[in-house]
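# can you look at this prediction? I've put the sequence above it.
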Amino acid sequence: MRHTITTLLLPVSLLLAASGGAFAQEPSRDEVLKALRKAAEFYRTKVSTEGGYHFYYTADLSYGRSEHEEGFTQVTVQREGIPSVGMAYLEAYDATGDRYYLDLARDAAYSLVKGQHCSGGWDYVIEFDPAKRKYYPYRADGNCGSLPTPPPGVVRSRPVTNMDDNVTQAAVRLMMRVDRALGFADAKIHEAALYALDSLTKAQYPNGAWPQRYSEFPDPAKFPVKRASYPETWSKKWLGPNYESEYTFNDNTISDVIDAFLEASRIYNEPRYQAAAEKGGDFILLAQMPEPQPAWAQQYDVDMHPAWARIFEPPSVTGGESQGIMKTLLVLYRATGKRKFLDAVPRALEYLQRSALPPTDRPAEARRRMSKDSVVMARFYELRTNKPLYITKGTRVQVQGKSATLIDGYEVSYSGESVITHYGVLTNGNQLASIADEYKTLAAADVSKLRRPDKLHGLSPWSGERIGRPRSARAIIDALDERGAWVEDGSIGKADNVVSVFAAKDMTVTIGGRVYPLAENETLNVFQGKQAPPVKIIKSSTFSANVVALSAWLTR
């Protein structure tokens, strides 16, 4: 998953459906307040499981699921689940002063308390089934020793703190903000938030980095402090290493931890949290590659060489996460006034600007997926040569209850044809211009006047600015059904998805002797039963976006 800051608006299809293609007269304040309350009550009383949430639900609420979780005894800690919904309730509370929304945010924080691991953070899943919880390392249940062996068919959870996909960072940010809104008076939430922050401090490597995941704190002797360098050679074949303990910028992991600690230092007035953030910034400086590619890799091994992560993430300099890292350096400069964080930006910025791919009249497949207005960057630039690297796509088969099997593909290539579709091998470089502008502004500014707002918004806020109000609160309100739900087209699959096949090339499917085409890049799904997968769904991301938008309308 890629984390970007976008304007939170109702999907266009819902806006048009609600407004008949044209925006109607804006509602009164009272009408917005009633709609906001109706939507929040529906989501908490009819959708939530013990204060937590999935990504998606069928419109009839008969089934819910997220990326790694499904059913009504589980919820997700990934940002589109509990964190985003909880943040939306806080926005509604700030906009209205109505304690009801703060109570809903507190319920979301309580769900996180119940899912906090003994290692201090969270993994994707929170399980509420009492019979299954004893196989999860939950602090709230005292499961901090060896977990019992589960019976067949029951999963024993990994005892990890997960920082991939902004999981633990988003959870602790929600906990901290709810803690502050409650005046630090809720002992359970306050203690869990501080325990998480203190555990993340202990998990920080001597050089200031964090891993993607951890289950125990690092031995400093095994992680010497070094500066990034190029390996003499690197394998173009993925050997399947366990990369979770390595130094990880992938998916903005370290950037999100740093920003969470900067916020923690403000909320709790605690210098240790500021020090952890600055130490993370020092790692960014150590990890900046030397010439000729003075940006950053997604992943580094203990020798500070760019390293393999997943099969589609080769050692390289990245045009993606490097942009987020530069933004983090600017945030660190705002927070600390230390020039070293600002001074690392220009050479990385200049390198990335000249590494943008030139326009072409004959774009390859990967390039055709990009907007024509995009500044196109390679996600992976080959070490030293700076050639764009691509990963060839392969046929992928997923059988229920089994790991996915790759039939072919997933090789490093210099060609943009026949490349993977589930992961962007090219990325948008449009942020480079705004990063350059902000750098110039900060370089000329009085550092004492660069402080971010006391209250931040969102889960990767960077500047902390509140999102502007929507074009039409009327369209958002009119899209609510009689229950208070925003329902939209989509399919979330079902628990009885037996087989899934992604076609890397044109294929054919036979059913009872009849032949059907399966085109390149299409996916064949086979479900049990006669009923087709639902096509009307409720999304937590839409709910959160619309609650935030209506709250912003109220504070216009």
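Yep, that arrived. Just so you know, these numbers come straight off a predicted model, no measurement behind them. Residues are numbered from 1 along each chain as shown.
# mind checking the SS state of Y516?
strand (DSSP: H, G, I helix; E, B strand; the rest coil).
# now for it, how many residues are close by?
Around Y516 there are 10 other residues, counting by other C-beta atoms under 10 Å. To be clear about C-beta, it is placed using only N, CA and C from the backbone, and glycine gets the same treatment.
# that one and T508 touch, don't they?
Yes: if you go by C-beta atoms under 8 Å, Y516 and T508 touch, sitting 6.7 Å apart.
# low-scoring pLDDT stretches of the chain, where are they?
Counting by pLDDT under 70, the chain contains low-confidence ranges at 1-24, 462-471, 493-495, 532-534.
# per-domain residue ranges of it.
1-147+467-492+535-556, 204-356+429-458, 364-426+496-533 (automatic domain parsing).
# now these in TSV, with distance to A193?
Formatted as TSV, those follow (distance: least, C-beta to C-beta, whole Å):
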stretch	distance to A193
domain 1-147+467-492+535-556	8
domain 204-356+429-458	8
domain 364-426+496-533	33
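# which one of the ones you listed lies nearest to G183?
Across these, G183 has its closest neighbour in domain 1-147+467-492+535-556 (10.6 Å, C-beta to C-beta).
# now the most centrally placed residue in the chain, what's its secondary structure?
With distances taken as C-alpha atoms, centre = their mean, D165 lies nearest the centre of the chain, 3.8 Å away. Here D165 is recorded as helix under three-state DSSP.
# buried residues of stretch 297-314, list them for me.
For stretch 297-314, a neighbour-count test (16 or more other C-beta atoms under 10 Å) marks 297-301, 304-314 as buried.
# just the CA atoms of that stretch, as CSV, please.
The C-alpha trace of stretch 297-314 is given here as CSV (Å, rounded to 0.1, in the frame of the first residue of the first chain):
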residue,chain,number,x,y,z
ALA,A,297,17.1,2.9,-1.0
GLN,A,298,13.9,1.3,0.2
GLN,A,299,15.9,-1.2,2.3
TYR,A,300,19.4,-1.5,3.8
ASP,A,301,21.1,-4.5,5.3
VAL,A,302,23.3,-4.4,8.4
ASP,A,303,26.3,-3.3,6.2
MET,A,304,24.2,-0.3,5.0
HIS,A,305,24.0,-1.6,1.4
PRO,A,306,20.8,-1.4,-0.5
ALA,A,307,19.1,-4.8,-0.1
TRP,A,308,16.4,-7.0,-1.5
ALA,A,309,13.0,-7.0,0.3
ARG,A,310,10.1,-8.8,-1.4
ILE,A,311,10.5,-10.5,-4.7
PHE,A,312,9.5,-7.4,-6.6
GLU,A,313,11.7,-5.0,-4.5
PRO,A,314,15.3,-5.2,-5.7
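# please identify the buried residues of stretch 371-378?
S374, V375, V376, M377, A378.
# my read: Q293 touches Y381, true?
Yes: the criterion here is C-beta under 8 Å, and Q293 meets it with Y381 at 6.5 Å.
# what's the overlap in contacts for those two?
V317 (C-beta atoms under 8 Å, 6 or more residues apart in numbering).
# now do the strands in the stretch 301-450 of the chain.
With strands called from DSSP state E, counting those that start in this stretch, the stretch 301-450 of the chain shows them at 317-318, 376-378, 380-381, 388-391, 396-399, 405-406, 412-413, 426-428.
# including distance to W234, could these go into a markdown table?
Below are the strands of the stretch 301-450 of the chain laid out as a markdown table (distance: least, C-beta to C-beta, whole Å):
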| stretch | distance to W234 |
| --- | --- |
| strand 317-318 | 12 |
| strand 376-378 | 16 |
| strand 380-381 | 12 |
| strand 388-391 | 11 |
| strand 396-399 | 25 |
| strand 405-406 | 21 |
| strand 412-413 | 10 |
| strand 426-428 | 21 |
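# any idea which of the buried residues of stretch 297-314 is closest to K455?
Q298 (31.6 Å).
# and stretch 479-486, end to end?
6 Å (C-alpha to C-alpha, to the nearest Å).
# what residues sit buried inside it?
So stretch 479-486, judged by 16+ other C-beta under 10 Å, has buried residues A479, L480, G484, A485, W486.
# can you report phi and psi for the first one?
Which is A479. With angles defined as degrees, to the nearest 10, A479 sits at phi -80, psi -10.
# ok, now the second one?
For L480, the backbone dihedrals are phi -70, psi 140 (criterion: degrees, to the nearest 10).
# I'd say it and R37 touch.
No: between L480 and R37 there is no contact under C-beta under 8 Å: 11.2 Å.
# shared neighbours of those two, anything?
With the criterion set as C-beta under 8 Å, 6+ apart, the contacts of L480 and R37 do not overlap.
# tell me the contacts of the nearest residue in space to L33 that is not next to it in sequence?
Sequence neighbours aside, T96 is the residue nearest to L33 in space, at 6.6 Å (criterion: C-beta to C-beta, 6 or more residues apart in numbering). Going by C-beta under 8 Å, 6+ apart, T96 touches L33, L36, S551, L554.
# can you tell me the element the residue nearest to the last one when sequence neighbours are not counted falls in?
Among residues not flanking L554 along the chain, A95 sits closest, at 4.3 Å (C-beta to C-beta, 6+ apart). Counting by DSSP states H and E, the element that carries A95 is helix 82-96.
# chain center to that helix: distance?
How far helix 82-96 lies from its chain's middle: 18 Å, per C-alpha atoms, centre = their mean, to the nearest Å.
# repeat that for stretch 74-81.
On C-alpha atoms, centre = their mean, the centre of stretch 74-81 falls 10 Å from the chain's centre.
# wait, D186 touches D107, no?
No: counting by C-beta under 8 Å, D186 does not reach D107; the two are 11.4 Å apart.
# can you tell me how far D186 is from Y89?
Going from D186 to Y89 by C-beta to C-beta, to the nearest Å gives 15 Å.
# of the two, who's got more company?
Neighbours were counted for D186 and for Y89 using other C-beta under 10 Å; Y89 has more, 29 against 18.
# hang on, isn't that one packed against V547?
Yes: at 7.3 Å, Y89 counts as touching V547 under the criterion of C-beta under 8 Å.
# need the residues touching each of those two.
If you check Y89 and V547 against C-beta under 8 Å, 6+ apart, the residues they both contact are A40.
# next, the distance between the ends of stretch 60-76.
Taking C-alpha to C-alpha, the first and last residues of stretch 60-76 lie 20 Å apart.
# check which residues of it are buried.
Y63, G64, R65, S66, E67, E69, E70, F72, T73, Q74, V75, T76.
# what's in contact with it?
With C-beta under 8 Å, 6+ apart as the test, stretch 60-76 has contacts from 1, 46-47, 49-50, 52-58, 78, 80-82, 111, 115, 124-129, 132, 492-495, 534, 538.
# try 7 Å
Around stretch 60-76, the neighbours that count as contacts under C-beta atoms under 7 Å, 6 or more residues apart in numbering are 46-47, 49, 52-57, 78, 81-82, 111, 124-129, 492-495.
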